[in-house]
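K.L.:
pasting a predicted model and its sequence here:
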Amino acid sequence: MLLHQQFVRMAKKNSKKLAIKDKTTKSDVPYSRALIGALILAKKFEKYEKGYIGIMIPTSAGCALATVGALMSGRVPVMINYSTGAEQNVKYAQEKCGFKTVIASRALLEKIGCPVMDGMVLIEDIMKGVSTGEKLKAALRTKLPTGMLLKSIHKGDQDDNAAILFTSGSEKDPKVVQLTHKNLASNIRDLCEHEGLTGDDILLANLVFFHIFGLTVNLWLSFGKGMTMITYANPTDFQTICNIAREEKPTLMVGTPSFFWGYLKKSEPGDFESVRIMVAGADKCPDALRDGYMKKHGVTLMEGYGATETSPVVSANSLEFNRPGSIGKVLPNVQVRIENLQTGEECPVGEIGKILVKGDLIMKGYLGQPELTAEAIVDGWYNTGDMGYLDEDGYLWHSGRFKRFVKVGGEMVSLVKVENVMEQH
């Protein structure tokens, strides 16, 4: 399944349904208009160089449609982190991926104090320059039968890159992660099956799209299933997020524990009562946070686990299978192996080892770094760099990180101490 083609199918099927409720710009975008917008942007992007195109726009209808438009035009969106060092991140992305054009937002650049850089094209200027003729042409195209419309946009292959993201770069330079249509589409499919998600869900999309958690579970999950997404550009504006949840009644929400702490503190009882599925990821979820949501809102906050290289979700708790403290059961169609550090053998139940993952969710590789890719993925198994174990009921438990091991006198010794290793029993 190609992501942009699936968006077209959903937009045609749900033309009158609300695709995006943008709470930053206060605009409501039904699927019919979202499709027109994406087609207009795709046409505009065709005049830029082929290959990669940078996207640096906050979480909004504009960012969502620019990302879709890029794929429709046959370009691969490179999602650029603007939260810290935006200028440096743009240069790094351009250099690593070999492209020039970055679709940016003037409002964002002014807010973060980033200059308009070489190669930047402002989304506000693009939209201002759209003629009535272009709008009419795009609107007429949306009336074509689905099959004809799909033939008129970029086709491609499921193993083509659908997004380029960057790791946090806590060790050295950020790694350039290539994620394909197959990677992201398989993760959405498996997550929906695991959590019982449908097109009727209303998603509170508060995460940034330059992180894989936001890109997959906010943007593409919503468009892939034909959900309504409620976007807001600043996840740390805790009070506003709580107000949005109360007013718009989302049924699905994901985020990091630090964001969920902020929402818990600023919220009033009842703010999150509509939320059916609430999942924390990217960091350990404390018991006190889970208890806080249950006491204040009667909502079960569940924990999941993943990585940029795994598209991202490897495992998650669900309403049916929830074991607080664990990082949940492994998603369908995903394999996890716990491997003994010394022997390389598979660990028995309950024994801590390194977490390896296999399946369609595993990235294509690190762009331009074949040695790093070969180190990270061996025989299809991606080494997460995390330690953990599986319990007797198939729940995965995270036990800290390891970095690198060396052989000393025939034994594997960690160069960096394993942190927070849990008791096995």
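P.N.:
Now that the structure is in, tell me what you want to look at.

K.L.:
got phi/psi on residue 322?
P.N.:
Residue 322 adopts backbone torsions of phi -130, psi 120, taken as degrees, to the nearest 10.

K.L.:
show me the contacts for it.
P.N.:
Applying C-beta atoms under 8 Å, 6 or more residues apart in numbering to residue 322 gives the contacts 300, 302, 328. Heads up, the C-betas are built off the backbone N, CA and C, glycines and all.

K.L.:
export those to a markdown table and tack on distance to residue 21?
P.N.:
Supplementary listing: those in a markdown table, determined by distance: C-beta to C-beta, whole Å:
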| residue | distance to residue 21 |
| --- | --- |
| 300 | 25 |
| 302 | 25 |
| 328 | 29 |
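
K.L.:
how far away is residue 32 from residue 21?
P.N.:
When distance is defined by C-beta to C-beta, to the nearest Å, residue 32 is 15 Å away from residue 21.

K.L.:
who's more crowded, these two?
P.N.:
Just comparing residue 32 and residue 21: by other C-beta atoms under 10 Å the higher neighbour count belongs to residue 21, 22 against 18.

K.L.:
any idea whether that one is helix, strand or coil?
P.N.:
Assigned by DSSP: H, G, I helix; E, B strand; the rest coil, the conformation of residue 21 is strand.

K.L.:
what's the local residue count around the closest residue to it other than its chain neighbours?
P.N.:
Beyond its immediate neighbours in the sequence, the residue positioned closest to residue 21 (C-beta to C-beta, 6 or more residues apart in numbering) is residue 230, lying 4.6 Å away. The local packing count at residue 230 equals 25, with neighbours defined by other C-beta under 10 Å.

K.L.:
what does residue 3 give?
P.N.:
Neighbour tally, residue 3, other C-beta under 10 Å: 24.

K.L.:
residues contacting it?
P.N.:
When the contact criterion is C-beta under 8 Å, 6+ apart, the partners of residue 3 are 68, 71, 162, 181, 184-185, 220, 223-224.

K.L.:
repeat for residue 75
P.N.:
Residues in contact with residue 75 (C-beta under 8 Å, 6+ apart) are 45, 48, 50-53.

K.L.:
redo those as JSON lines? Include secondary structure, neighbour count and distance to residue 273.
P.N.:
As requested, those are exported to JSON lines (DSSP: H, G, I helix; E, B strand; the rest coil; neighbours: other C-beta atoms under 10 Å; distance: C-beta to C-beta, whole Å):
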{"residue": "45", "secondary structure": "helix", "neighbour count": "23", "distance to residue 273": "41"}
{"residue": "48", "secondary structure": "coil", "neighbour count": "19", "distance to residue 273": "46"}
{"residue": "50", "secondary structure": "coil", "neighbour count": "12", "distance to residue 273": "48"}
{"residue": "51", "secondary structure": "coil", "neighbour count": "15", "distance to residue 273": "47"}
{"residue": "52", "secondary structure": "strand", "neighbour count": "23", "distance to residue 273": "43"}
{"residue": "53", "secondary structure": "strand", "neighbour count": "28", "distance to residue 273": "41"}
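
K.L.:
which one of those is nearest residue 271?
P.N.:
Nearest to residue 271 among those is residue 53, at 37.9 Å by C-beta to C-beta.

K.L.:
leaving out chain neighbours, which residue sits closest to that closest one?
P.N.:
Here the nearest residue to residue 53 in space, its sequence neighbours aside, is residue 75; by C-beta to C-beta, 6+ apart that works out to 4.2 Å.

K.L.:
just the pLDDT at the one you found, thanks.
P.N.:
Taken from the predicted model, the pLDDT recorded for residue 75 is 98.
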